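Trainee: This is a predicted model, with the sequence first.
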Amino acid sequence: MGIEVKKDADFSTWYTQVLKRSEMLEYYEEVSGCYIIRPLAYNIWQEIQSFFDSAIKKMGVEDTYFPMFVSQRQLEREKDHVEGFAPEVAWVTKAGSSDMENPIAIRPTSETVMYPYFSKWIRTHRDLPLKLNQWCNVVRWEFKKPQPFIRTREFLWQEGHTAHFTKEEADAEVHQILELYRQVYEDLLAVPVIKGVKSEKEKFAGGLYTTTVEGFIPTTGRGIQAATSHCLGQNFAKMFDIVVEDPNALANSEGKEAKKLHVWQNSWGITTRSIGVMVMIHGDDKGLVLPPRIASVQVIVIPCGLTVRTSEEEKKRVEEKINDVVKELNSAGIKAKADLRDNYTPGYKFNHWELRGVPLRLEIGPRDLKNNQTLSVRRDNGVKEAIPLDKLTTCIPETLNTIHKDMFEKAKKIYDEHVKVILKWEDFVPALDGKNVVLVPWCEQEHCEDKIKEKSSRRQPEDDKAPSMGAKSLCIPFEQPKEPAIVPGETNCISCDGFAKRYALFGRSY
Ligand SMILES: O=C1CCCN[C@@H]1CCCn1cnc2ccccc2c1=O
């Protein structure tokens, strides 16, 4: 069954129809906010895992696995880390019919699970750096409207947790990991992202600073946090007593304890939200459009031009050729499949594989055998091209790379066009209403951010429509606009009468 609504007309229906009818996902009726990730989507997660895993292994990160349960005592050891999140924590309170003495929480993240053991394992600076990662699920009982992949009560992610002797080493790793997240999005998913640092209000409260890659969903004009890499500073080290003795300080003459130094920590994560972002950005009215590098089927080969007049041996020759082409492509590392089902027409098959986002289709019929060629059809832009059958293993990889590049460039152009530099407050809300995110000179003060959110959620006085969602700060981009340059002590903040420090990206968001 094809997609019955237009992406731009009814985005949320379009999104759920694409996910269900492409067989990426199934609704889990039993529990709201939970979904079944089916093979087509799970394969994408595995592609992301293998890319990210091989990169972090080169950085010396080791995989580990900690329990999914955390005691109330541990969870609450760090007040300002948990207080804001407390309503989202899911608790196990019973075993069978009897109440548990002490309820235990299901991990919403693993800092408080892991760090008591970091404290136990890290004794001297020679135990540093400690770099652990785990691929797991986490549970956050959010009350906002759930959305498949984008906001779910259970999701899959990786969470990296590292401990370093110096801040410099921690800082360097934060940015190394953020660059890997950019690569996951841009080089694997063909999704453009903006790198930046979160405001004080938006950062991870338990940390020192949060860096982020921010995506953009053009259909709704909303920003979306795509992945985060936090420097935790020494905050958690102080709470969990993760210390090493100072190797430079000589044990002083009275033999008193050498000075204890708190380690510097990072934590970083990317989740299955990445799959939803990719679908939202690239999908069209025919269904999924998969970036070639994460597609489980990159090329589908379909017999065409077979009519009732085609002889059995002619049909057989076409099918044998198709099987040879598939074998040749697979041995060249291209994931190709043949659709030889003889109870469906070519047209039916075209729709079937377009719905599932297969990047490239090859049509082969009796005439193509004679001309020794195949007709290739790109899923992203529909462009058709005849390819000689003896040039497949060079042409197809090139075409797949071109498809990735074109998908990325197209999405990047749209993102760039929807980032508006706004210098006057009266242009702020109209820009948001035009489905844009805005880049504004900003003072970076928390109270000002609250005010911007409040001012941008009110509709203009004459407008009696329901208040719109307020804008929040998405990030302070590392790449700042060249002009008009912000002159410290001169350029005004977009919203308050303070002075602007840097340009900040604001927008309605997920
Ligand atoms: O982002 C990451 C990356 C991976 C490791 N953890 C950090 C920070 C998680 C922040 N966070 C996010 N939601 C929560 C929900 C409930 C309790 C605690 C939390 C919580 O600490």
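Mentor: Cool, the structure landed.
Trainee: buried stuff in stretch 502-509?
Mentor: R502, Y503, A504, L505, F506, G507, R508, S509 (16 or more other Cβ atoms under 10 Å). In short, each C-beta sits where N, CA and C put it, glycine included.
Trainee: what sits against the second one?
Mentor: The neighbourhood of Y503, defined by Cβ atoms under 8 Å, 6 or more residues apart in numbering, consists of V421, L439, V440, P441, W442, I476, P477, Q480, P481, I486.
Trainee: try 10 Å this time
Mentor: 196, 421-422, 438-442, 476-477, 479-481, 484-486, 491, 494 (Cβ atoms under 10 Å, 6 or more residues apart in numbering).
Trainee: before we move on, the earlier item: now tabulate the buried residues of stretch 502-509 in a markdown table and tack on distance to E26.
Mentor: Converted to a markdown table, those look like this (distance: Cβ to Cβ, whole Å):
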| residue | distance to E26 |
| --- | --- |
| R502 | 44 |
| Y503 | 43 |
| A504 | 40 |
| L505 | 35 |
| F506 | 36 |
| G507 | 32 |
| R508 | 29 |
| S509 | 27 |
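Trainee: I'd like the residues you listed as a markdown table, with distance to the ligand appended.
Mentor: Listed next are the buried residues of stretch 502-509 as a markdown table, based on distance: Cβ to the nearest ligand atom, whole Å:
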| residue | distance to the ligand |
| --- | --- |
| R502 | 23 |
| Y503 | 25 |
| A504 | 20 |
| L505 | 19 |
| F506 | 21 |
| G507 | 20 |
| R508 | 21 |
| S509 | 16 |
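Trainee: Farthest pair within those residues?
Mentor: Taking Cβ to Cβ, the two most distant members of the buried residues of stretch 502-509 are R502 and R508; they sit 21.0 Å apart.
Trainee: The longest helix along the chain: what's the following helix or strand?
Mentor: Ranked by residue count under DSSP state H, the longest helix found in the chain is helix 392-417. Using DSSP states H and E, the helix or strand that follows helix 392-417 in sequence is strand 419-421.
Trainee: in the one helix or strand G223 maps to, what's buried?
Mentor: According to DSSP H and E, G223 maps onto strand 222-233. Neighbour-count burial for strand 222-233 flags R222, G223, I224, Q225, A226, A227, T228, S229, H230, C231, L232, G233 (criterion: 16+ other Cβ under 10 Å).
Trainee: now do stretch 23-36
Mentor: Going by neighbour count (16+ other Cβ under 10 Å), the buried part of stretch 23-36 is M24, L25, G33, C34, Y35.
Trainee: which residues sit against it?
Mentor: Residues contacting stretch 23-36 (Cβ under 10 Å, 6+ apart): 16, 18-20, 37-44, 139-149, 151-155, 272, 275-276, 279, 287-288, 290, 355-357.
Trainee: Tell me which residues touch G160, please.
Mentor: 52, 56, 59, 61, 63, 131-134, 173, 177, 180, 229-230, 266-270.
Trainee: and the ligand, which of these contact it?
Mentor: By Cβ under 6 Å from any ligand atom, the members of the contacts of G160 lying near the ligand are H230, S267, W268, G269.
Trainee: Same list (these) but as CSV, adding secondary structure.
Mentor: Output for the ones next to the ligand among the contacts of G160, formatted as CSV (DSSP: H, G, I helix; E, B strand; the rest coil):
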residue, secondary structure
H230, strand
S267, strand
W268, strand
G269, strand
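Trainee: In CSV: these, plus pLDDT.
Mentor: Output for these, formatted as CSV (pLDDT from 0 to 100):
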residue, pLDDT
H230, 98
S267, 98
W268, 99
G269, 98
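Trainee: Any idea how far apart the tips of stretch 25-39 sit?
Mentor: Using Cα to Cα, to the nearest Å, the end-to-end distance of stretch 25-39 comes to 8 Å.
Trainee: Tell me the gap between that stretch and the middle of its chain.
Mentor: 19 Å (Cα atoms, centre = their mean, to the nearest Å).
Trainee: same check, this time on stretch 320-332
Mentor: Per Cα atoms, centre = their mean, the centroid offset for stretch 320-332 relative to its chain is 34 Å.
Trainee: repeat for stretch 352-359
Mentor: Worked out by Cα atoms, centre = their mean, stretch 352-359 lies 22 Å from the chain centre.
Trainee: ok, now stretch 502-510?
Mentor: 18 Å.
Trainee: Looks to me like S54 is in a helix.
Mentor: Yes: using three-state DSSP, the assignment for S54 is a helix.
Trainee: what helix or strand is the residue minimising distance to the centre of the chain on?
Mentor: By Cα atoms, centre = their mean, the chain has its centre lying nearest to S274, at 2.7 Å. Taking DSSP H and E as the definition, one finds S274 inside helix 273-282.
Trainee: That helix versus helix 392-417: what angle between them?
Mentor: Put simply, helix 273-282 runs at 90 degrees to helix 392-417, going by axes from the mean of the first three to the mean of the last three Cα atoms, to 10 degrees.
Trainee: okay, the angle between helix 273-282 and strand 222-233?
Mentor: 150 degrees.
Trainee: Okay, now the sheet partners of the next helix or strand after helix 273-282, with direction.
Mentor: Downstream of helix 273-282, the next assigned helix or strand under DSSP H and E is strand 288-289. Strand 288-289 has these partner strands in its sheet, going by DSSP bridges: strand 356-357 (parallel).
Trainee: what about the strand it pairs with, average pLDDT?
Mentor: The average pLDDT within strand 356-357 is 98.
Trainee: For it, which outside residues touch it?
Mentor: Contacts with strand 356-357, where a contact means Cβ under 10 Å, 6+ apart, come from 18, 21-24, 40, 278-279, 282-284, 286-291, 295-297, 300, 379-380.
Trainee: repeat for stretch 123-131
Mentor: Residues outside stretch 123-131 that contact it (Cβ under 10 Å, 6+ apart): 56, 59-62, 64, 114, 118, 121-122, 160-166, 169-170, 173, 242-248, 261, 263-266.
Trainee: so how far is stretch 347-365 from its chain's centroid?
Mentor: 27 Å.
Trainee: What is the end-to-end distance of it?
Mentor: End-to-end distance for stretch 347-365: 14 Å, by Cα to Cα.
Trainee: This completes my enquiry, with thanks.
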